[in-house]
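Novice: Would you be able to build a 3D model of this:
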Amino acid sequence: MPKTTVNGISINYEIDGEGAPNGTIVLINGLADDLLSWGFQIPALVGAGYRVLRFDNRGIGQSDRPAGPYSARMLADDAKALVDQLGIRDFHLMGVSMGGMISQEYALAYGDDLKSLTLACTYGTVDKFCLTMFNMWADLAAQIDVPFVMRDVSLWAFTVPFFNERPDDAAEFAAAMAALDMSLEAYLAQLAVIQNHDAIGRVGTIKVPTLVLAGEEDILIPVRLSKKLQEAIPNAQWATTPGGHACIWETPDPFNEAFLDFVRSQSR
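Specialist: I've put the predicted structure just below:
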């Protein structure tokens, strides 16, 4: 996978579907997720005729891991520097969870770059419930380790039927999370993004066509917080998809369909 230097750090990225006829989609990952986390989306998006850029945020994967804390605006600036270096403009931006927070800041600062904006499984500002949970993750990571926290996160991210009906898949995801290559320092640096994100009072200035998309059973970032975000963005559309916070992995087909339906509506 290629790398390039932006904002003083090395960023690892991948472009799929080069030369696709329908434009470009840029994807921004969630907390502790590298660019491989989009494996259930890439075939559908490329198959629909889109070029797709995905990359490792600072702190994860093969990108550099400078000292934190990080902020959503900092990571949005990294994304901006990357797309500028690659000569990408007029693209569809989609971020999931922490990536949705980064995408909000991108749209606020660099909205002229975008044809559309999709904010999935995310919020405009943290509430006390989520902040208490995130602070607990920080404590557990420091006292035990990051892989232990990620195994716990899987209980919040997937639905009860996933564990009951797909035990092999659940075990595979748990093993992947337990094997996560992320230092405590890098984890806490990224965690600060979701602990401190607060854009709800500013997203009303977003002018790009926007979809807020939520997993129907999301308990990690409660659906009501995503709905509050949608209501704060003028003319933003709302959609839900089966599954929980990890719907991009648990129920990728309906997630991809909802996203592509919106992107196609903004591509005409």
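Novice: Where do the strands of the stretch 151-268 of the chain begin and end?
Specialist: When secondary structure is read from DSSP state E, counting those that start in this stretch, the stretch 151-268 of the chain shows strands at 210-215, 237-241.
Novice: The residue nearest to residue 226 when sequence neighbours are not counted: neighbouring residues, count only.
Specialist: Taking Cβ to Cβ, 6 or more residues apart in numbering as the measure, residue 226 lies nearest to residue 214, with 4.1 Å between them; neighbours along the chain are not counted. Using the backbone N, CA and C atoms, a C-beta is placed for each residue, glycine as well. Burial of residue 214 is recorded as 28 neighbouring residues (other Cβ atoms under 10 Å).
Novice: Give me the below-cutoff pLDDT ranges for the stretch 151-268 of the chain.
Specialist: For the stretch 151-268 of the chain, the stretches flagged by pLDDT under 70 are 268.
Novice: Where do the helices of it begin and end?
Specialist: Using DSSP state H, counting those that start in this stretch, the helices found in the stretch 151-268 of the chain span residues 160-165, 167-178, 184-196, 223-232, 247-250, 252-265.
Novice: Return the set of residues that bridge with the residue nearest to residue 226.
Specialist: On the basis of DSSP bridges, residue 214 is bridged to residue 240.
Novice: That one and residue 224 touch, don't they?
Specialist: No: the pair residue 214 and residue 224 does not pass the contact test of Cβ atoms under 8 Å, sitting 9.3 Å apart.
Novice: still on that earlier bit, who touches the residue nearest to residue 226 in this structure?
Specialist: Contact partners of residue 214, counting by Cβ atoms under 8 Å, 6 or more residues apart in numbering, are 120, 121, 223, 226, 227, 239, 240, 241.
Novice: and if we set it to 7 Å?
Specialist: Residues touching residue 214, when contacts are defined by Cβ atoms under 7 Å, 6 or more residues apart in numbering, comprise 121, 223, 226, 240.
Novice: ditto for residue 21
Specialist: residue 49.
Novice: Spatially, which two of the contacts of residue 214 are the most separated?
Specialist: For the contacts of residue 214, with distances taken as Cβ to Cβ, the pair at the greatest spread is 121 and 240 (10.3 Å).
Novice: Look at the two and report which has more neighbours.
Specialist: Neighbours of residue 121 and residue 240, each counted by other Cβ under 10 Å, are more numerous for residue 121; the result is 30 against 18.
Novice: The residue lying closest to residue 187 once chain neighbours are set aside - how many residues pack around it?
Specialist: Spatial nearest neighbour of residue 187, chain neighbours left out: residue 146 (4.7 Å); criterion: Cβ to Cβ, 6+ apart. By other Cβ under 10 Å, the residues close to residue 146 number 24.
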